[in-house]
Structure formats: C-alpha cells, structure tokens
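J.: What follows is a predicted structure for the sequence shown.
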Amino acid sequence: MGMPGLGAGGPADKRFEGLRTIPPSRDTPVTTEAVEKDYHPGPARVEDEKGMKIIGKIANKEEGFHVAAAHLNPVMHLIEERMGLTDLVSGTLNVRIPQEYVVIARAVITPEEYGLPETVKLQRCLLEGYKGIIMRPDKHETIRGYGHGKNHLEVMGRIRFREALGLQDGDTVNLEIEGDDAWWNSGL
C-alpha cells in the first residue's frame, strides 16, 4: 500500500468521490480482476469536467531504461518554454497505469530537436497535487512492444517526486490529466 495520504484509503482519495468511472479507453472496460491484482480495488480512471484522474503505481526502478535524463537534458529548455513550467529537474518518475493511455500533446519536441528519430509528446498533469509533465516518445504508442508502451507514464517535474514524496516501488499515486487553466494553476 502507498504511504499515508497517498493512494487507496488516504486523504487524497476524497478528491475522487462522486466522480463517474469510465472505461480505460472508451471501448475497453477495466476488469475488476486486473485492477485488484495489479493495483487496488476501486476505480482506475475517473473523469469530470476538469479532466481525468488516473490511479497508478510507482514502477520498480529496474523497469526504467535510465536514459530519459540523458535524452531530455539537451531539450529541457524547450520543454520548459513550451509547457510554461520552469526549473524542471532531470529525469522522470515512471508510473504504471492499469489501462492504455494515449498522450494528448499540448506541445512536442520534434525529432530534429530531440536528436532521435521520434517525436516527444508533452502533456500537463498533477501528481499528488504537484505540477508535472508527462513525456512520451510517440513510438511508445505507435510501435507495439517498443519502449514502455501505453500503460506507463513518465512524469517530470520541479521536484524529484520519488524522494520529495517518499515514494517507493509499488506505491499508489493519484494523477490528474487534461484539466483547464484553473486546474493547472491549483497545482503546487
């Protein structure tokens, strides 16, 4: 189970009360067995007028490829400029989610800028109330078996989430995605 205040049973869950559960992709329902086995009982994804909420688990450190920082550092200034979030720290927090999610890019880093033959999609999120940016190379969504795939989010922010929030492998975290400007401004 996650640390106090995070995940199922913690105070953060009150934000999810009264929201309707929706399937992971509008076509495929979340199975109770998958949620209970890999995550926890309860809704895996909910949505309201301010955006989507996803409950995920911190991936084991071994699941990472350990290349995000090296690849992102040269374009960090572009990410900060395009996303309006400065003072980002190097690296990403890997979060497994119980359903596929296709990143809706608010901005991109082109292959020419990135120096690799893939576009990096960027999307705003709040992770336990802290502003973050989901980054995902497009090939992770378009080529089956490439990279982490669509059931994995890489989140960067102004803090090292794992250390600042005391997160351990397997801890449950709440993510909010696709909100409006008031939602974004509410983040820490």
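T.: Noted; the coordinates are in hand.
J.: Wasn't Leu122 part of a strand?
T.: Yes: if the criterion is DSSP: H, G, I helix; E, B strand; the rest coil, then Leu122 is within a strand.
J.: For burial, what's the neighbour tally of the closest residue to it other than its chain neighbours?
T.: Using Cβ to Cβ, 6 or more residues apart in numbering and skipping residues adjacent in sequence, the residue nearest Leu122 is Ala107, 4.7 Å away. C-beta: built from backbone N, CA, C; applies to glycine. Ala107 has 16 neighbours, counted by other Cβ atoms under 10 Å.
J.: Would you mind confirming that Ala107 is in contact with Glu80?
T.: No: taking Cβ atoms under 8 Å as the definition, Ala107 is not a contact partner of Glu80, at 10.5 Å.
J.: How much space separates Gly179 from Met83?
T.: Distance of Gly179 to Met83, given as Cβ to Cβ, to the nearest Å: 14 Å.
J.: what does Gly51 give?
T.: With distances taken as Cβ to Cβ, Gly51 is found 16 Å from Met83.
J.: And for Glu112?
T.: Taking Cβ to Cβ as the measure, Glu112 falls 19 Å from Met83.
J.: quick one: which of those two has more around it?
T.: Higher neighbour count among Glu112 and Met83: Met83, with 19 against 9, using other Cβ under 10 Å.
J.: Could I get the phi/psi values of that one?
T.: The phi/psi pair for Met83 (degrees, to the nearest 10) reads phi -100, psi -10.
J.: can you pull out the helices in this protein?
T.: Listed in chain order, the helices found in the chain under DSSP state H are 32-38, 68-72, 76-83, 111-114, 139-142, 161-164, 181-185.
J.: For Gln99, which of the ones you listed is the nearest?
T.: In terms of Cβ to Cβ, the element of the helices of the chain nearest to Gln99 is helix 32-38, at 8.6 Å.
J.: Check whether Leu126 really touches Glu176, as I assumed.
T.: Yes: Leu126 lies in contact with Glu176 (Cβ under 8 Å); the separation is 4.3 Å.
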